[in-house]
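*Asks:* sequence? don't have it. structure:
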């Protein structure tokens, strides 16, 4: 799959942007910082997963003093062209595919698959559990709309349960309603955990081979999904979840929040059996992060039958020549890549005859050459 064209109106610093001649191979956006390069990457990610990697507030992405932002992408996929429309409003989003409005955002997500690699992703291993949970949620959501639905329902129930815990603690209501939310939390939470476990197993298969190549065969990468329920028998997971919520009810009432469930889980990354988060060098942490991101490309291909679009947002300067080379090799000849950078110096790997180079200045993009 690849993006044929992109149109933005009132998005971030773009009053109007139209890119109709994107290359199916490599597109390089060159410009100084704060000119709008990352805004293009953010817009493409929104057309893919309907979420930004920079903010949770839609209003922040709407151009100053405007009432809405509009994003449109023409996507070539399975020899068909899809037109994806996304309208950002101060209080929500509206989406459409080929002119047909979608009632649920989960029906919009998945028409465009992307892998975003940004400087903060090099902190994927070193960062906190929340960063790794977000990584799992975004990537699984792209290939499984049902997961996105279950996750959204889980988050809604979790908010309701936490709110009820506070009301019970202040003796505004009784504890009878808690059982209802516990049941729903266990149902949706179990589905979220099972899908994450399935995804982590598949990701590990691809990431192991990539990491072995980057490390010269000296290191073995492995993943361990840390389930806060501490349950290994999946058939019993929902029952264990309910019992755990009941056992920790007193603790939850004291804290005013739910102490167990997928919102507390983590992904542990190991090299040669040792936890990279704790014992890995900075180089090992970066290589593990790169292996995880590159594994997404192969995993999405295996899941949906086509390669995703690769977005490299100002990350090349953070990688040494060896890791850059592995990045190029992973792209192969079938992955459309959109690169943002402050200079093309040192990007000889990417500057093929099929590469388009664009200059970005103050929200205006012009093609070079």
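*Replies:* Received, thanks. Not measured: the values here are computed from a predicted model.

*Asks:* Would you mind listing where the stretch 1-150 of the chain has pLDDT under the threshold?
*Replies:* Applying pLDDT under 70 to the stretch 1-150 of the chain flags no residue at all.

*Asks:* Secondary structure element holding the residue nearest to the spatial centre of the chain?
*Replies:* Centroid-nearest residue in the chain, with Cα atoms, centre = their mean: residue 138, separated by 3.3 Å. Using DSSP states H and E, residue 138 sits within helix 129-143.

*Asks:* And residue 37, how close does it get to residue 17?
*Replies:* 12 Å (Cβ to Cβ, to the nearest Å). Where you see a C-beta, it was placed from the backbone N, CA and C, and this is true even at glycine.

*Asks:* The two: which has the busier surroundings?
*Replies:* Between residue 37 and residue 17, residue 37 has the larger neighbour count (other Cβ atoms under 10 Å), namely 24 against 21.

*Asks:* what's the closest non-adjacent residue to that one?
*Replies:* residue 340 (3.9 Å; Cβ to Cβ, 6 or more residues apart in numbering).

*Asks:* In contact with the one you found, which residues?
*Replies:* Contact partners of residue 340, counting by Cβ atoms under 8 Å, 6 or more residues apart in numbering, are 28-29, 31, 37-38, 40-41, 312-314.

*Asks:* Could you rerun that using 7 Å?
*Replies:* 29, 37-38, 41, 313-314 (Cβ atoms under 7 Å, 6 or more residues apart in numbering).

*Asks:* so, if you compare those residues, which one comes nearest to residue 305?
*Replies:* residue 41 (24.6 Å; Cβ to Cβ).

*Asks:* next helix or strand past the helix or strand containing that closest one?
*Replies:* Taking DSSP H and E as the definition, residue 41 sits inside helix 37-49. Per DSSP H and E, the first helix or strand lying C-terminal to helix 37-49 is strand 69-77.

*Asks:* helix, strand or coil for residue 191?
*Replies:* helix (DSSP: H, G, I helix; E, B strand; the rest coil).

*Asks:* those strands in the stretch 201-350 of the chain, which residues are they?
*Replies:* 221-226, 266-271, 274-275, 309-313, 337-341 (DSSP state E, counting those that start in this stretch).

*Asks:* Of those, which is nearest residue 203?
*Replies:* Closest among these, using Cβ to Cβ: strand 221-226, at 6.8 Å.
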